[in-house]
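Visitor: this is a predicted model, with the sequence first.
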Amino acid sequence: MTPSTSPASTSPAGRLLDGVVDRVLDAALAAIPPDAVDPAAMTDRPGMTDTAGADGVAALLAHRVRADSARPLLTFYDDATGERTELSAATVDNWVAKTANLLVDTLGLAPGDTIRIALPPHWQTTVVLLAAWSSGAHVTVTRSDADADADADADDQSDPPAAVFLTEQTADAVLAAGEQGDVVALSLRPMGGRLARPMPGVLDFAGEVLAHGDRFTPPRPPANQRILVRLAGYYARAWDLSEHDRILTTAGYDTPQGLLAGLLCPLAAGASLVICRNLDHTLLDRRVAAERVTAVCGPMPGMREATSDIPAAAPGVPAHTPAGTRRLGAPLR
């Protein structure tokens, strides 16, 4: 992708990450003290030793599995279909291994190859993201709607993706646009259902993934991923997250809030996630109580939300925070 040109790249932290972390995280970097992601400084920060010592995202997941493999790592709701799916850390690890093996064995991806992911918040999206990072790929996250292709076209195409993961609904448009690389589509239907119809030139994720092995040995992660893990650890510490937290998220993974507060920070802290798609605002307070949610991130229905893509609410813009929870994304100075 095009190297960062945001103000973040003028700070020491920004210069460290310039060109190796996708632009979606630029605004998050701007809120961090200049030396916060300096590898030499991270091990000196209270509470950061474990995260600073993790090589990559796969190491964070492995630590979570060792800590408590049976405890739920993520719970998924889709209020449009009524689906509720809960996966323990061990089950997530199993899915991630199968998906990583699909990337390597079926698609032939090698460490350093680019994978573009254009999927909405969903438990399978989490799996694909974790598997892509585990395989040592360079991960690019774009919007999951019809505008995702326009976003991708605006980026530097000198390094086209080796594989693209998208929804069944957007696959036709991507094929028509002549997307380079393998195209993998997900139905995102309950029970991990297969595509509704065969699609020539498209790999059906649900039809392929289960045939792969449930053990995967990750390669050494690239430098940008190791820095991303430190970034996640920094925010996890700043937000005071722990293994006792359950974070309800509606944020897309194409935003810093979605990637950090809605995935990587909870993983770094040993917390668990409640991912909500098509959230029904009339069910929000009940769900928070039933799932013992302690923190929320992303748009909450029924209130006007900030439009900024940084992990913080814009000044003067109300954000609904259910009783008994705290909102992740406060400005960090």
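Guide: Sure, I can see it. Numbers count the residues shown, from 1 in each chain.

Visitor: contacting residues for G82?
Guide: Residues in contact with G82 (C-beta atoms under 8 Å, 6 or more residues apart in numbering) are P190. Glycine gets a C-beta too; all of them are placed from N, C-alpha and C.

Visitor: next up, identify which helix or strand C276 is on.
Guide: Here C276, judged by DSSP states H and E, is contained in strand 272-277.

Visitor: direction included, what does that strand pair up with?
Guide: Strand pairing for strand 272-277, determined by DSSP bridges: strand 72-78 (parallel), strand 246-249 (parallel).

Visitor: residues making contact with that strand?
Guide: Under C-beta under 8 Å, 6+ apart, the answer for strand 272-277 is 71-80, 120-123, 126, 245-250, 262-263, 266, 287, 291, 293.

Visitor: let me know the next secondary structure element after it.
Guide: Next helix or strand after strand 272-277 toward the C-terminus (DSSP H and E): helix 284-290.

Visitor: list the buried residues for that next one?
Guide: By neighbour count on 16 or more other C-beta atoms under 10 Å, the buried set for helix 284-290 is L284, R287, V288.

Visitor: what's the closest non-adjacent residue to the first one?
Guide: The shortest distance from L284 to any non-neighbouring residue, by C-beta to C-beta, 6 or more residues apart in numbering, is to P322 (6.0 Å).

Visitor: how close does R226 sit to W239?
Guide: The gap separating R226 from W239 is 21 Å, by C-beta to C-beta, to the nearest Å.

Visitor: the helices in this protein, which residues?
Guide: 12-17, 26-30, 39-42, 49-53, 57-67, 89-101, 123-134, 148-154, 168-176, 205-209, 223-238, 256-259, 265-269, 284-290 (DSSP state H).

Visitor: where does the stretch 201-333 of the chain dip in pLDDT?
Guide: 301-320, 330-333 (pLDDT under 70).

Visitor: again, only using 50
Guide: Where the stretch 201-333 of the chain drops to pLDDT under 50, the residues are 303-318, 331-333.

Visitor: what about G324, neighbour count?
Guide: Around G324 there are 11 other residues, counting by other C-beta atoms under 10 Å.

Visitor: surely it touches V288?
Guide: Yes: using C-beta atoms under 8 Å, G324 is in contact with V288, at 7.0 Å.

Visitor: so where is the stretch 1-150 of the chain shaky, pLDDT-wise?
Guide: Within the stretch 1-150 of the chain, the segments meeting pLDDT under 50 span 1-24, 27, 38-49, 150.

Visitor: so which residue is smack in the middle of the chain?
Guide: L259 (4.1 Å; C-alpha atoms, centre = their mean).

Visitor: nearest residue to that residue other than its sequence neighbours?
Guide: Y253 (5.6 Å).

Visitor: ok, that neighbour to P121 distance?
Guide: From Y253 to P121 the distance is 7 Å (C-beta to C-beta).

Visitor: between those two, which contacts overlap?
Guide: Joint contacts of Y253 and P121 (C-beta under 8 Å, 6+ apart) are G262.

Visitor: stretch 236-248: how far from the chain's middle?
Guide: 16 Å (C-alpha atoms, centre = their mean, to the nearest Å).

Visitor: typo on my end, stretch 163-183
Guide: Using C-alpha atoms, centre = their mean, the mean C-alpha position of stretch 163-183 is found 20 Å from that of the whole chain.
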